[in-house]
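> Sequence and predicted structure, then a few things I'm wondering about:
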Amino acid sequence: MTRWSRVVVAVDGPAGSGKSSVSRAAARALGYEFLDTGAAYRALAWLGLDRGIDFDDEDAIVSLLDELGDGISTDPDDLRVTIGGTDVTEDIRQPRVSKVVSAVARVPEVRTRLNEGFRSRLNAPGRPGIVAEGRDITTVVAPDAPVRVLLTADEGVRIQRRRAELTDQSAADVARSVTDRDRKDSKVVDFMTAAEGVTTLDSTDLSFDETVDAMVALVRSAAPS
Ligand SMILES: Nc1ncnc2c1ncn2[C@@H]1O[C@H](COP(=O)(O)OP(=O)(O)OP(=O)(O)O)[C@@H](O)[C@H]1O
Ligand SMILES: Nc1ccn([C@@H]2O[C@H](COP(=O)(O)O)[C@@H](O)[C@H]2O)c(=O)n1
C-alpha cells in the first residue's frame, strides 16, 4: 500500500471521454497539480517519429526512453512538454503521433519505466493534491489512490466531441481514430469497466462544466480538505 504524500486523484477512461480537459479543469478548481500521463507516451512516440524508428522494433522504442527526460509540467495553467529543450507541446497532439502512440504504449518495459516516473511525480512535494489521468491510472499506477474515477461517455458522443476539435479531418477519419485507439489500447489495459472501488462518472448527458463540477464534488467528498 503506497503512503501518498498528498491527495492523489486517479482518472482513467476511453479516448475522448474528457480525461485531460476535465481533469485539468478540476485540478485548477481544486488548486491541485495535473499530470497528463498520455503526454509521456505521446512524447516517446514523437521521438520515435523524429528518429525514424521502426515501431515494430521494441528495442528501438525502449532505447529512446533515456532521451525522453522528465519534461512534462504539472501546472494546470501552464502545461508544457519538452524533450531535450525542444517544446513539443503542440506537436505531440498531431494525428501522426496519435496513429503510432499505441505501438509505443504496448511495450512492457516502456510502461514499467514510465509508471515509475509517474509514481514519483504523484508523491513529489508541491500542491496539496494532484489529478493524474491516463488509461491505467486507477488500476496500475495508483490503484490505492484515495479518489479513483472512470470518466466515460457513449462512443458516439465522444466521437462528436472529437470532431468538434478536429475540424480539418473527415468525420470518418475522426471516428476511426477514436475507435482504433480504444481497440488497440484495450488489449493492454481495461479502461472500459470500473475496477472495484472506482467511481464511474458518465458525462454523456452532462455539459463540460457539469462534468468538472461532478468530479470536484467527488474529490471533496472523498478527500475533504
Ligand atoms: N462533458 C463534456 N461536454 C462537452 N464536451 C466535453 C465534455 N467532456 C469533454 N469534452 C470535450 O471533449 C473533447 C475530448 O476531451 P479530452 O481531450 O479531454 O479527452 P481525453 O479523454 O483526454 O481523450 P484522449 O484519451 O483521446 O486524449 C474535448 O474537446 C473536450 O473539451
Ligand atoms: N496511462 C496511459 C496514458 C496513455 N497511454 C497511451 O498513450 C496514448 C495517448 O494518450 P492520450 O490520453 O494523450 O490520448 C493512449 O492512446 C495510450 O496508447 C497509456 O497507455 N497509458
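Perfect, thanks for sending it. Ligands and ions are numbered 1, 2, ... in the order given.
> What distance do you get for the most centrally placed residue in the chain to ligand 1?
Nearest to the mean C-alpha position of the chain, by CA atoms, centre = their mean, lies residue 134 at 3.0 Å. Distance, residue 134 to ligand 1, using CB to the nearest ligand atom, to the nearest Å: 8 Å. The way it works is simple: take the backbone N, C-alpha and C, and place the C-beta from them, glycine included.
> Would you confirm that that residue contacts residue 14?
No: Residue 134 lies out of contact with residue 14 (CB atoms under 8 Å); the separation is 11.7 Å.
> Those residues of this protein touching ligand 1, which are they?
Applying CB under 6 Å from any ligand atom, we find that the chain lies next to ligand 1 at 13, 15-22, 38, 161-162, 165, 203, 206-208, 211.
> ok, now with 8 Å
Contacts of the chain with ligand 1, taken as CB under 8 Å from any ligand atom, map to 13-24, 36, 38, 98, 133, 135, 151, 153, 158, 161-162, 164-165, 178, 181, 203, 206-208, 210-211.
> so how far is the helix or strand bottoming out on mean pLDDT in the chain from its chain's centroid?
None of the helices or strands of the chain scores lower by mean pLDDT, DSSP states H and E than helix 171-185, at a mean of 91. Its chain's C-alpha centre and that of helix 171-185 lie 16 Å apart, by CA atoms, centre = their mean, to the nearest Å.
> for that helix, packing partners?
helix 95-105, helix 155-165 (3 or more CB pairs under 8 Å, 6 or more residues apart in numbering; DSSP states H and E).
> between these, which gets nearest to residue 114?
Across those, residue 114 has its closest neighbour in helix 95-105 (8.8 Å, CB to CB).
> Flag every buried residue along the closest one.
Buried residues in helix 95-105, counted by 16 or more other CB atoms under 10 Å: 97-98, 100-105.
> what do you get for stretch 30-43?
Quick answer for stretch 30-43 (16+ other CB under 10 Å): 30, 32-43.
> Briefly note if that stretch comes near ligand 2.
Yes: using CB under 8 Å from any ligand atom, stretch 30-43 reaches ligand 2 at 36-42.
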